[in-house]
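Chemist: pasting the structure only:
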């Protein structure tokens, strides 16, 4: 079993937040889940691929005008 780094945990958290934001847009749900799967699969995808997927997710959130809730 591979160890998940703090950097990867951050990517997973950010991807999760983006997927939640995108869940209100039915056209974005499937692409969002595909990108999140890349982030979550620590064996098949390296850190660069994970962060590329996070960037894609956050871009999807931004371009749809769906800002995540802030504390």
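Modeler: Ah, there it is. Given the structure is predicted, the values throughout are model-derived calculations rather than measurements.

Chemist: Find me the pLDDT at the spatially most central residue of the chain, would you?
Modeler: Centroid-nearest residue in the chain, with C-alpha atoms, centre = their mean: residue 15, separated by 2.2 Å. Residue 15 is assigned a predicted lDDT (pLDDT) of 97.

Chemist: Spatially nearest residue to it (excluding sequence neighbours)?
Modeler: Excluding the flanking residues, the one nearest residue 15 by C-beta to C-beta, 6 or more residues apart in numbering is residue 39, at 4.1 Å. C-beta here means a position set from N, CA and C on the backbone, and glycine is covered the same way.

Chemist: Tell me who's in contact with residue 39.
Modeler: Listed by C-beta atoms under 8 Å, 6 or more residues apart in numbering, the contact partners of residue 39 are 11, 12, 15, 45, 50, 53, 54, 57.

Chemist: any weak-confidence spans in the protein?
Modeler: Low-confidence segments of the chain (pLDDT under 70): 1-2, 68-71.

Chemist: mind listing the helices for the protein?
Modeler: 6-22, 26-40, 47-63 (DSSP state H).

Chemist: Buried residues of the last one, list them for me.
Modeler: Within helix 47-63, the residues scored as buried using 16 or more other C-beta atoms under 10 Å are 50, 51, 52, 53, 54, 56, 57, 58, 60, 61.

Chemist: quick one: the third one from residue 66, how far?
Modeler: Residue 52 is 20 Å from residue 66, where distance means C-beta to C-beta, to the nearest Å.
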